[in-house]
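Colleague: Dropping the sequence and predicted coords here.
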Amino acid sequence: MSVKNNINFFKKSFSPSDCRLIAVSKTKPVELLQEAYDAGQRLFGENKVQEMEAKFEALPKDIEWHMIGHLQTNKVKYIAPFVGLIHSVDSIKLLEEINKQGGKHNRVVPCLLQIYIAQEETKFGFDEAEVTSFFERDLPKSFPFCFVQGLMGMASLTDDTDKIRNEFKGLKSLFELFKKTHSQNMKELSMGMSSDYQIAIEEGSTLVRIGTSIFGERNYN
């Protein structure tokens, strides 16, 4: 397996779309991340705060770190000083904590709202009614240290490509609606992983999260 070749493959496969690649490096050693970095990759995704912290300290500082996993409020303080984008904001309570910690560092933290689009109980996120109500608030006034710049969603884990496409299509429609009616700052739509990234790109994703197809299977030890 060549991490460099895998990085180059995905970057070429994304062209000519405006979609960007997030190398999902959870459980992977810094040596493999360094290989990806040397191949030109600068966006990395992690789902554990402690692991992201350690890698941030060990690797070059021009890396943009994305938190893609479920984030507990008591862990926000550890990544607030440096995180490039939090994809997984799934509650008002979490956004309030991000705003609080951003204020402590006098830093506006970029965020995406995670939308529940899959028919699976294991997924997190706002439903359409909740997020619609959220966007009716004065966001800059309520959350001055959060910059909500888009949406994130995870499709159902299924081989039914029509189902996956419909879920992504619905999220894209919601994204365009909020961009038109509530926030011109909406610019990122994070959807698609190793198994469904091609459909996600076709349906308008701007950020695709690829892990296994770049670094190999996850290490669970």
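Modeller: Structure received.

Colleague: Now for Ile7, how many residues are close by?
Modeller: Here the number of neighbours of Ile7 (other CB atoms under 10 Å) works out to 22. To be clear about C-beta, it is placed using only N, CA and C from the backbone, and glycine gets the same treatment.

Colleague: how near is it to Arg209?
Modeller: Distance, Ile7 to Arg209, using CB to CB, to the nearest Å: 14 Å.

Colleague: now Ala36
Modeller: Distance from Ala36 to Arg209, by CB to CB: 14 Å.

Colleague: Spatially nearest residue to Gln34, not counting backbone neighbours?
Modeller: Leu59 (6.7 Å; CB to CB, 6 or more residues apart in numbering).

Colleague: Ok, Thr73 next?
Modeller: Glu97 (4.3 Å).

Colleague: So for that neighbour, what's the pLDDT?
Modeller: Here, the pLDDT recorded for Glu97 equals 98.

Colleague: Check which helices and strands the longest helix along the chain is in contact with.
Modeller: Longest helix in the chain, counting residues (DSSP state H): helix 161-181. Helices and strands touching helix 161-181, by 3 or more CB pairs under 8 Å, 6 or more residues apart in numbering; DSSP states H and E, are helix 128-135, strand 146-153, strand 188-190, helix 197-202.

Colleague: Distance-wise, check the residue nearest in space to the middle of the chain relative to Ala155.
Modeller: The centre of the chain sits closest to His87, judged by CA atoms, centre = their mean, with a distance of 3.5 Å. His87 sits 14 Å away from Ala155, taking CB to CB as the criterion.

Colleague: This completes my enquiry, with thanks.
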